[in-house]
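Asks: got a predicted structure here, sequence first:
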Amino acid sequence: MVSVIQNVAIDCADAYALARFWSRVTGRPVEPEDRPGVREAQVMLEQGPVLYFNQVPEPKTVKNRVHLCLRPEGSRDGEVERLLGLGATFVGDHRNPDGSGWAILADPEGNEFCVLRSESERAGVSP
């Protein structure tokens, strides 16, 4: 499901809580040594990249778009609905007339990320 992703460090107010959210998004576990209250937490992805969550003092007022894009196995719209159900918020949709483009969502800390079309959608096949 995950694509266009490399090692990413995310500053946040609650490292463990945000790591748990991304663990549910990606289906990969939080590292076993991470626990509530840790100042740094990690989610190891299947193809090797790591999401690092670094706790910083509140309030964290500056929100940056995280260079992290998800390419779902099913439809992009279905993936957006799944992520909204996990606690993400909808920010915007950059959809071109041909259906390409991406949806922008934000995680519970307000960090924005993209949802791309699936491979089947890109090939013009219904999922």
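Replies: Cool, got the structure.

Asks: run a quick neighbour tally on the closest residue to R122 other than its chain neighbours.
Replies: Nearest residue to R122, sequence neighbours excluded (C-beta to C-beta, 6 or more residues apart in numbering): S100, at 7.7 Å. In short, each C-beta sits where N, CA and C put it, glycine included. Neighbourhood size, S100 [other C-beta atoms under 10 Å]: 12.

Asks: centre of the chain to stretch 20-40, how far?
Replies: 13 Å (C-alpha atoms, centre = their mean, to the nearest Å).

Asks: so what would you say the end-to-end distance of stretch 76-96 is?
Replies: 14 Å (C-alpha to C-alpha, to the nearest Å).

Asks: run the chain-centre distance for that stretch.
Replies: 10 Å.

Asks: then stretch 93-107?
Replies: Using C-alpha atoms, centre = their mean, the offset of stretch 93-107 from its chain centre is 15 Å.
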